[in-house]
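Trainee: heads up, no residue letters with this:
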């Protein structure tokens with residue numbers, strides 16, 4: 001796809017369509033500073049809400065440092081984790097230019113620095129810097145793909161299969177292939193895994209222990225490593 005980028009604003013991008021690109025990766029230092037000048041830097045403590053489902057959508061948020069969890073609360077009161085996001089990720093969509101109401105909530109899970117930008121300010125910046133519009137489309141496409149797969153996982157009856165599908169998806173979206181397997185760069189706890197698949201922490205711990213014993217996964221420095229993705233896929237008939 002050809003885009004009319006301003007050469008002085010752009011940097012070379014080797015994009016992977018399966019991953020959410022950081023806005024910071026497509027702006028040079030000067031343009032990045034111009035963007036940050038349009039934002040308010042907000043600090044959040046762990047457990048502090050960034051925005052709440054049903055609140056008026058006035059800002060989009062780009063994580064400068066830290067991690068953020070997004071979640072949806074059903075009418076029954078059940079809380080469903082939608083994702084965990086880190087440096088450079090945008091949270092607050094899909095109404096990135098403002099208007100309407102937030103359709104999910106976001107909470108900091110670690111001390112976080114977040115850039116808040118109003119919808120009109122983001123639209124104006126994207127108009128001045130043409131590479132930002134394709135980035136917004138990429139971000140929304142990424143989130144749509146993520147949520148679509150997550151809903152497919154929740155539609156799977158067998159809970160073990162849900163976990164394996166989630167691990168494969170995390171490897172596709174956030175993994176780096178190394179000599180010992182695919183390292184999922186996001187630090188995801190077993191409680192996080194349980195929330196994402198709608199299972200208990202005890203069951204998730206039991207299944208992860210089993211996958212470790214048969215040599216399919218391991219953990220190092222609080223990161224999950226997929227040792228044999230093909231065998232994981234074979235366990236759910238996806239090879």
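Mentor: Thanks, I have the structure now. Keep in mind that what you see is a predicted model, and the values were worked out from it rather than measured.
Trainee: only C-alpha atoms from now on, for both contacts and neighbour counts.
Mentor: Fine.
Trainee: low-confidence stretches in the protein?
Mentor: Along the chain, the parts satisfying pLDDT under 70 run over 1-20, 157, 238-239.
Trainee: which residues in it form strands?
Mentor: Along the chain, the stretches classed as strands by DSSP state E are 40-44, 49-51, 59-65, 68-73, 79-85, 90-91, 105-108, 112-118, 175-178, 181-184, 217-220, 223-226.
Trainee: contacts only, for the spatially most central residue of the chain.
Mentor: Residue closest to the average C-alpha location in the chain (Cα atoms, centre = their mean): residue 85, at 4.1 Å. With contacts defined as Cα atoms under 8 Å, 6 or more residues apart in numbering, the neighbours of residue 85 are 63, 67-70, 91.
Trainee: buried subset of those?
Mentor: Buried by 16 or more other Cα atoms under 10 Å: 63, 67-70, 91, out of those.
Trainee: contacts for stretch 31-46?
Mentor: Applying Cα under 8 Å, 6+ apart, the contact partners of stretch 31-46 are 9, 24, 50, 107-118, 121, 125.
Trainee: how about the buried ones among the contacts of residue 85 in TSV, adding distance to residue 54?
Mentor: What follows is the buried ones among the contacts of residue 85, written out as TSV (distance: Cα to Cα, whole Å):
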residue	distance to residue 54
63	21
67	22
68	18
69	17
70	14
91	15
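Trainee: quick check: the farthest pair among these?
Mentor: Checking those against each other with Cα to Cα, the farthest-apart pair comes out as 63 and 70, at 12.6 Å.
Trainee: which strands and helices sit next to whichever helix in the chain runs longest?
Mentor: In the chain, ranked by residue count with DSSP state H as the criterion, the top helix is helix 132-154. Secondary structure elements in contact with helix 132-154, counted by 3 or more Cα pairs under 8 Å, 6 or more residues apart in numbering; DSSP states H and E, are helix 119-128, helix 159-174, helix 190-197.
Trainee: ok, now with 7 Å
Mentor: For helix 132-154, the elements it packs on are helix 159-174, judged by 3 or more Cα pairs under 7 Å, 6 or more residues apart in numbering; DSSP states H and E.
Trainee: quickly list what residue 60 is bridged to.
Mentor: Following DSSP bridges, residue 60 is listed with bridge partners residue 117.
Trainee: for it, grab the count of nearby residues.
Mentor: By the measure other Cα atoms under 10 Å, the count of residues near residue 60 is 23.
Trainee: who touches it in this structure?
Mentor: 91-93, 96, 116-119 (Cα atoms under 7 Å, 6 or more residues apart in numbering).
Trainee: mind redoing it with 10 Å?
Mentor: Counting by Cα atoms under 10 Å, 6 or more residues apart in numbering, residue 60 touches 39, 51, 90-98, 114-119, 122.
Trainee: ok, of these, which come out buried?
Mentor: Judged by 16+ other Cα under 10 Å, buried ones among these: 39, 51, 90-98, 114-119, 122.
Trainee: nearest spatial neighbour of residue 57, skipping sequence neighbours?
Mentor: residue 101 (4.7 Å; Cα to Cα, 6 or more residues apart in numbering).
Trainee: bridged to the one you found, which residues?
Mentor: Assigned bridge partners for residue 101, using DSSP bridges, are residue 56.
Trainee: list the contacts for it?
Mentor: Residue 101 makes contact with 52-58, 92, 95, according to Cα under 10 Å, 6+ apart.
Trainee: would you mind measuring from the residue nearest to residue 86 when sequence neighbours are not counted to residue 150?
Mentor: With Cα to Cα, 6+ apart as the criterion, residue 86 has its nearest non-adjacent residue at 4.5 Å, and that residue is residue 67. Residue 67 sits 19 Å away from residue 150 when distances are taken as Cα to Cα, to the nearest Å.
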